[in-house]
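*Asks:* Sequence and predicted structure are below.
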Amino acid sequence: MLELRLKRPEQPMTNLWSELPIARRESTILGISFRPRQAEALGLDGPATLQTLLTYPFDMIRLGAYWNRIEPTRGSFDTGELDRQLDAAERAGKKVILAVGAVKTFGYPELFIPSHHLVKPLREGALIKPTDYPELIAGATDFIARIVARYRDRKAIVAWQLEHEAVDPLGVEHSWRLAVSFVARELQVLREADRSRPVMMNGFLPTSSLVQLTQWWRTRDQGDSLDVAVALADLVGLDYYPRHAMRRLGPRTLYLETADLPWERARRRRLFASVRARGKQLMVSEGQAEPWEAVTVPPNPHQHASRSCPPEDLIRNYTAAIGWSSPGQTLQAYLFWGAEYWVLRDRAGDPSYLKTFARILEQA
């Protein structure tokens, strides 16, 4: 009950974002993720949005190879959109983490399998094993190999990302999960294609007891995506969302908020110790910096902010994550999640999200 709040989903804008102190990042690299599909969903022009964001002096950007966009029909392989994104990032001097999928890639709806590679539907409640879906694993590994072969000579790319929250269920919409054996086969092909770069795998970091218990129960047979990332990857990415809506109840919304309770801190310490003991690196692959309300596309209320992430929360969430660093372990990178939304707000007359980001970059 300490983590549940029933609140109005909109609140008046304040200037708190311009006053909160900014934590020093030390050696942590700051950056963003770019989701072209999200830009489109917000009514923005994707290339123009990316160009706007690249003018800011951050160091790293995460881009995605979306399988069904690159291979919309059997025999096609069109990387034009991704080529242009990489070209733009290189011209801006950014380091790139390239998510190669194949089945899941960051950004709603996260599932990007071309229809011609789904000979049979993914069975709800099932573990998707390579032996049960030979056509899918063949297509996925071929796609990964081709993407890596195409881009491994790009010096801007500093790491590959394999899958997205690899073995977790796909939100509340689907209950199937990739088996560890499926992901391990993809990883083998990825490493064979390029042994010179680290592989990042990410997972959702529970910030409430309810989410922690639910995640454990749904993944208890093989561990969640963070467990698998620690075991298989070189770089472990944390997806960190301290406040999100559960459902709308009339004029109010029920939110889950982190209370940073003792058992949540204990889970985080165990995870960090495991990463350190295995000699892996740790980063925040998604630090909440846009609203997570009870709708797919974040709302854009006039002269108001959504409760789940007003602009000052960019600072609060970043500061909390930076505070996890210890003498033996600092975050390798912190990637803000929601940059397309900042551009939408700016176009609607509210530059506070972009100004908050600029302030963090300047003072961190």
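*Replies:* Everything's here; your move.

*Asks:* and the residue nearest the centre of the chain, what are its bridge partners?
*Replies:* Nearest to the centroid of the C-alpha atoms of the chain, with distances taken as CA atoms, centre = their mean, sits Glu286, at 4.2 Å. With DSSP bridges applied, Glu286 shows beta-bridge pairing to Asp239.

*Asks:* residues contacting it?
*Replies:* The contact partners of Glu286, taken as CB atoms under 8 Å, 6 or more residues apart in numbering, are Ser33, Phe106, Asn202, Gly237, Leu238, Asp239, Tyr240, Tyr241, Leu335, Trp337. Heads up, the C-betas are built off the backbone N, CA and C, glycines and all.

*Asks:* State the helix or strand in which the fourth one lies.
*Replies:* Read that as Gly237. Gly237 is part of strand 235-240, with elements assigned from DSSP states H and E.

*Asks:* what helices or strands is that strand leaning on?
*Replies:* Counting by 3 or more CB pairs under 8 Å, 6 or more residues apart in numbering; DSSP states H and E, the packing neighbours recorded for strand 235-240 are strand 199-205, helix 225-232, strand 281-288, helix 312-322.

*Asks:* That strand to helix 312-322, inter-axis angle?
*Replies:* Angle, strand 235-240 to helix 312-322, by axes from the mean of the first three to the mean of the last three CA atoms, to 10 degrees: 140 degrees.

*Asks:* Show me which positions of stretch 328-345 end up buried.
*Replies:* 330-345 (16 or more other CB atoms under 10 Å).

*Asks:* which ones among these are found in strands?
*Replies:* Counted as lying in strands by DSSP state E, out of the buried residues of stretch 328-345, are Ala333, Tyr334, Leu335, Phe336, Trp337.

*Asks:* from the buried residues of stretch 328-345, which two are the most distant?
*Replies:* The most widely separated members of those, counting by CB to CB, are Thr330 and Leu344 (32.4 Å).

*Asks:* show me where this structure has helices.
*Replies:* 36-41, 46-54, 67-70, 80-91, 134-151, 180-193, 209-218, 225-232, 262-277, 312-322, 339-347, 352-363 (DSSP state H).

*Asks:* what's stretch 22-31 in contact with?
*Replies:* Counting contacts by CB under 8 Å, 6+ apart, the residues touching stretch 22-31 from outside are 58-62, 94-95, 315, 318-319, 322-323, 325, 330-336, 359-361, 363-364.

*Asks:* Filter these down to the buried ones.
*Replies:* Among the contacts of stretch 22-31, those that count as buried by neighbour count (16+ other CB under 10 Å) are 58, 60-62, 94-95, 315, 318, 322, 325, 330-336, 359-361, 364.

*Asks:* I'd like to know how many residues surround the residue nearest to Gly328 when sequence neighbours are not counted.
*Replies:* The shortest distance from Gly328 to any residue that is not its chain neighbour, by CB to CB, 6 or more residues apart in numbering, is 6.1 Å, and that residue is Arg276. Other residues within reach of Arg276, judged by other CB atoms under 10 Å, total 14.

*Asks:* if we take the buried residues of stretch 328-345, which one ends up nearest to Glu10?
*Replies:* For those, the nearest to Glu10 is Arg345 (13.4 Å; CB to CB).

*Asks:* which non-adjacent residue is nearest the closest one?
*Replies:* Arg345's closest residue in space is Tyr353 (CB to CB, 6+ apart), at 5.1 Å.

*Asks:* Quick check: that neighbour touching Tyr341?
*Replies:* Yes. Here Tyr353 lies in contact with Tyr341, judged by CB atoms under 8 Å, at a distance of 7.0 Å.
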